[in-house]
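S.K.: can you look at this prediction? I've put the sequence above it.
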Protein chains: 2
Amino acid sequence: MTTSQKTMTTKDVANRLVELCRNGQIFTAQEELYSDDINSIEPAHGMLPSAKGKKALNEKGAAFAAMIEERHGGSFSDPIVAGNYFTSAMVLDATIKGQGRMTMEELCVYEVKDGKIVTEQFFF
Amino acid sequence: MTTSQKTMTTKDVANRLVELCRNGQIFTAQEELYSDDINSIEPAHGMLPSAKGKKALNEKGAAFAAMIEERHGGSFSDPIVAGNYFTSAMVLDATIKGQGRMTMEELCVYEVKDGKIVTEQFFF
């Protein structure tokens, strides 16, 4: 390689994502680890639409943040890695505006290419 | 409940599936834990087509088994559970007919409803 920057492995990306998310640094994670062409896939019954590209992803994140009245707690599991994919289970205990307090559990699946997250998909 | 059979939780199903798969009892797992309406989703670039229903799933399993010349090893990770979903990472070291020996790694995501697996989706 001609640059000093080494491409991160899927395991590197997985560990760093979970570390940042546990610190509440979701937007830092997206800036640092996500591809500009990120494809963010929500289930059809979700509260948010899917998003393509970092701008749309940021807007989705801001929309979700605006829905949260209070965050009471949450967690991210240690990741499981398989080839170019990894997964982590997320739990969020929050009061959603107009809907009350609820605990959300979802499985987050990520695809990594050239050291960047190119797809994230949520299952709940 | 009026029957003596308790509906399995997602965690119960996850642990039992991984236990049976580690014992090589994939078909037993499908018979015991899968819904008749199972939706088995393969990636577009996979060697096998997706399958809907137990009959199609069995045919897909038999087709895959027929492709394997020799199984050298493999593993299933402990599952991660989130709500109605769980996941396990599978590794298979096998010689595929006409393609030689290869190590396959994939992330398997399962959806559970009423104590049965209704969807399985593979990421690789």
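M.R.: Thanks, I have the structure now.

S.K.: what pairs with the lengthiest strand in chain A, parallel or antiparallel?
M.R.: Looking only at chain A and at elements set by DSSP state E, the strand with the highest residue count is strand A:100-113. Under the criterion DSSP bridges, strand A:100-113 sits next to strand A:85-96 (antiparallel), strand A:116-123 (antiparallel) in its sheet.

S.K.: correct me, but residue A:60 touches residue A:40?
M.R.: Yes: Residue A:60 is in contact with residue A:40 according to C-beta atoms under 8 Å; the separation is 6.6 Å. The C-beta positions use only the backbone N, C-alpha and C, and glycine is treated the same way.

S.K.: mutual contacts of these two, please.
M.R.: With contacts defined as C-beta atoms under 8 Å, 6 or more residues apart in numbering or on different chains, the residues adjacent to both residue A:60 and residue A:40 are residue A:51.

S.K.: residue A:33 touches residue A:17, doesn't it?
M.R.: Yes: with contact defined as C-beta under 8 Å, residue A:33 and residue A:17 form a contacting pair (5.7 Å).

S.K.: who touches both of those two?
M.R.: residue A:117.

S.K.: just the helices in chain A please.
M.R.: A:10-22, A:26-33, A:54-67 (DSSP state H).

S.K.: among those, which comes closest to residue B:22?
M.R.: Closest approach to residue B:22 among the helices of chain A (C-beta to C-beta): helix A:10-22, 22.5 Å.

S.K.: quick one: list the elements packing against the closest one.
M.R.: helix A:26-33, strand A:68-76, strand A:80-82, strand A:85-96, strand A:100-113, strand A:116-123 (3 or more C-beta pairs under 8 Å, 6 or more residues apart in numbering or on different chains; DSSP states H and E).

S.K.: related to what we said a few turns ago, reformat the strands paired with strand A:100-113 as CSV; add mean pLDDT and distance to residue A:67.
M.R.: Conversion of the strands paired with strand A:100-113 to CSV gives the following (pLDDT from 0 to 100; distance: least, C-beta to C-beta, whole Å):
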stretch, mean pLDDT, distance to residue A:67
strand A:85-96, 97, 6
strand A:116-123, 98, 15
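
S.K.: which one of the ones you listed lies closest to residue B:22?
M.R.: Distances from residue B:22 to each of the strands paired with strand A:100-113 were compared by C-beta to C-beta, and the smallest falls on strand A:85-96, at 19.0 Å.

S.K.: just how off-centre is that closest one within its chain?
M.R.: On the basis of C-alpha atoms, centre = their mean, to the nearest Å, strand A:85-96 sits 9 Å off its chain's mean C-alpha point.

S.K.: list the buried residues of it.
M.R.: If you call a residue buried by 16 or more other C-beta atoms under 10 Å in any protein chain shown, then strand A:85-96 has these buried ones: A:85-90, A:92, A:94, A:96.

S.K.: that strand to helix A:10-22, inter-axis angle?
M.R.: 10 degrees (axes from the mean of the first three to the mean of the last three C-alpha atoms, to 10 degrees).

S.K.: kindly export strand A:85-96 (C-alpha atoms) in PDB.
M.R.: The C-alpha coordinates for strand A:85-96 follow below in PDB (Å, rounded to 0.1, in the frame of the first residue of the first chain):
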ATOM      1  CA  TYR A  85     -21.000  -9.100   7.700                       C
ATOM      2  CA  PHE A  86     -21.400  -8.400  11.300                       C
ATOM      3  CA  THR A  87     -24.300  -8.000  13.700                       C
ATOM      4  CA  SER A  88     -25.100  -6.500  17.100                       C
ATOM      5  CA  ALA A  89     -28.300  -6.600  19.100                       C
ATOM      6  CA  MET A  90     -29.500  -3.100  20.200                       C
ATOM      7  CA  VAL A  91     -31.800  -2.400  23.100                       C
ATOM      8  CA  LEU A  92     -33.300   1.100  23.700                       C
ATOM      9  CA  ASP A  93     -35.500   2.000  26.600                       C
ATOM     10  CA  ALA A  94     -36.900   5.400  25.700                       C
ATOM     11  CA  THR A  95     -40.000   7.600  26.000                       C
ATOM     12  CA  ILE A  96     -41.200   8.300  22.400                       C
END
